[in-house]
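1. give me a 3D structure for the following:
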Amino acid sequence: MEKDSRTSLLKKNIFFSFVLKGWAGLVQVLLVPFTLFCLGNYENGIWMTISSILLWIDHLDIGLGNGLRNNLSAQLAHNDIEKARQSVSSTFFMLIFIIIPLALISLLFINTFDIYDLLNVDQTVVNNLNDILAVSIACISGTFIFKFIGNIYLGLQLPAVNNALVVGGQTLTLICIYILKIAGIHSLMYVAIAYTLSPLLVYLIAWSFTFNWKYPQLRPSFSSFNFKAVGELFNIGIKFFILQIAGIILFATSNVMVSHYFTPEMVTPYQIAYRYFSFTMMIFTIIAVPFWSATTDAYEKKDYQWISKSISSLHKILFLIAGCLVVMVLTSHFIYQIWVGKDVHIPSSITIGMACYMMIIIYSLCYSYFLNGFGKLHLQIIFTVFAAVIYFPLAKLLINYFDVSGMILALCLVNIPGAIINRTQFKKIMNGSARGIWTK
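-> Presented below is the predicted three-dimensional model:
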């Protein structure tokens, strides 16, 4: 009965995640022209630059959010409400302790250094850049703290609710930008407020709903702050943080290398091919991510039969993804022409290489989501960091023989060992033969 309940919850979350992701895609499509209308090309470029700076703040929680997600799943599986509340409270107050000095340092920086020179902004066009940055940092810092509510719902095996919070913030942003558009207001400050304050408002509403009504037993309190709980969160959270940063470095380096060793124009076909095939990644993650926390629950309850059945289901999805990638390669020339026109030429080698790379990553993720649910991250960290380190020299070598395609070949080669290790570790854990490093 418990298996049926877990599976039913999983299916509901996958369905609602598909709906939410579809709406989120439409919102993003509409935001681009509306924002351009409000700002114009120059100020829109400034806002994109500011947004990229703010994005890094979002990744500085040292993995506490993912640590909370895993710990909460395990604690609730054992119905240990007191420990669950300690994890929630400890995460909340640690996020405050992290963001306050970070925000103060950021504010000191923008008031000490010449931001106009740093970002190459014309002060006659935007005369309040420091104020815009200050307001944006203040709002994003608030979001940094309260977005942990999404991790709580992930731990509760309700990823669709987390997606709804994210999409809710984006939708409110769209409404605000549309109001600015029809009112004819062309202000970078107002646009910055719309983008940074909207998500914060959604999370504040979610705070009241979550802790005053739905889950009052998990409401953060300073009396429940526990240094031991912080240690447990950090122990697993820092591993997720390393994986995340290594992954960001790996792909970010690719874009820089394309521009550096070839021309900035070559980034366009590279990115178009990536975005084309990343559609399969989006579909797979919508289906697979809910298995993460559900696996933690099943693993804690030693329900290995449910885990085996779940991985079999994902194997079927892998076959469908592989078939989809083949069809996408065969129809790519036609799709590219409809999508970006005939002026952008994308070599077949890039298309085929990117399809292979996407299949390797999806195959690896099929097992890593389960390993994440088990809390077994040690080998993933080793091979992800190894991939990030070895990629640059290998790509530099291969581009001498295969041009841009050599970089994609390097991406494939450095990720294959990790995919093999993920599958091997998963099988060892499931058949009870894991020993030593395979258990970490």
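2. could you look up the SS state of the residue in the chain sticking out farthest from the centre?
-> Residue farthest from the centre of the chain, counting by Cα atoms, centre = their mean, is T124 at 36.7 Å. Assigned with DSSP: H, G, I helix; E, B strand; the rest coil, T124 falls in the coil class.
3. quick one: it from I437, how far?
-> Per Cβ to Cβ, to the nearest Å, T124 is found 60 Å from I437. Glycine gets a C-beta too; all of them are placed from N, C-alpha and C.
4. excluding chain neighbours, what is closest to F374?
-> Y299 (5.4 Å; Cβ to Cβ, 6 or more residues apart in numbering).
5. I meant to write A194 there.
-> C176 is the one closest to A194 (Cβ to Cβ, 6+ apart), at 3.7 Å.
6. run through the neighbouring helices and strands of whichever strand or helix holds the one you found.
-> In this assignment (DSSP states H and E), C176 forms part of helix 159-182. Applying 3 or more Cβ pairs under 8 Å, 6 or more residues apart in numbering; DSSP states H and E, we find helix 159-182 packed against helix 2-58, helix 148-155, helix 188-209, helix 267-300.
7. burial count for the residue nearest to F374?
-> Y299 is flanked by 21 other residues according to other Cβ atoms under 10 Å.
8. just T196 next, same as before
-> Number of residues near T196 (other Cβ under 10 Å) recorded here: 24.
9. domains in this protein, by residue range?
-> 2-225, 240-439 (automatic domain parsing).
10. and the strand or helix carrying Q425, average pLDDT?
-> Assessed by DSSP H and E, Q425 sits inside helix 404-431. Helix 404-431 shows a mean pLDDT of 92.
11. and the helix holding C176, how far out from the chain middle?
-> Centroid separation between helix 159-182 and its chain, computed with Cα atoms, centre = their mean, to the nearest Å, is 18 Å.
12. for stretch 104-122, same thing?
-> When C-alpha coordinates are averaged (Cα atoms, centre = their mean), stretch 104-122 and its chain have centres 28 Å apart.
13. could I get it in PDB with only the CA atoms?
-> Output of stretch 104-122 as PDB, limited to C-alpha atoms (Å, rounded to 0.1, in the frame of the first residue of the first chain):
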ATOM      1  CA  LEU A 104      27.100  43.600   3.100                       C
ATOM      2  CA  ILE A 105      30.300  42.800   1.200                       C
ATOM      3  CA  SER A 106      28.500  43.200  -2.100                       C
ATOM      4  CA  LEU A 107      27.000  46.500  -1.100                       C
ATOM      5  CA  LEU A 108      30.400  47.700   0.100                       C
ATOM      6  CA  PHE A 109      32.000  46.700  -3.200                       C
ATOM      7  CA  ILE A 110      29.500  48.500  -5.400                       C
ATOM      8  CA  ASN A 111      29.900  51.700  -3.400                       C
ATOM      9  CA  THR A 112      33.700  51.500  -3.300                       C
ATOM     10  CA  PHE A 113      34.600  50.500  -6.900                       C
ATOM     11  CA  ASP A 114      33.700  52.200 -10.200                       C
ATOM     12  CA  ILE A 115      30.800  49.900 -11.300                       C
ATOM     13  CA  TYR A 116      30.300  51.900 -14.400                       C
ATOM     14  CA  ASP A 117      33.900  51.200 -15.500                       C
ATOM     15  CA  LEU A 118      33.700  47.600 -14.400                       C
ATOM     16  CA  LEU A 119      30.500  46.900 -16.400                       C
ATOM     17  CA  ASN A 120      31.400  49.300 -19.200                       C
ATOM     18  CA  VAL A 121      28.100  51.300 -18.700                       C
ATOM     19  CA  ASP A 122      27.500  54.800 -20.000                       C
END
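14. list the buried residues in it.
-> Neighbour-count burial for stretch 104-122, counted by 16 or more other Cβ atoms under 10 Å, picks out S106, L107, I110, I115, V121.
15. the fourth one: what's it in contact with?
-> Residues touching I115, when contacts are defined by Cβ atoms under 8 Å, 6 or more residues apart in numbering, comprise V121, L129, N130, L133.
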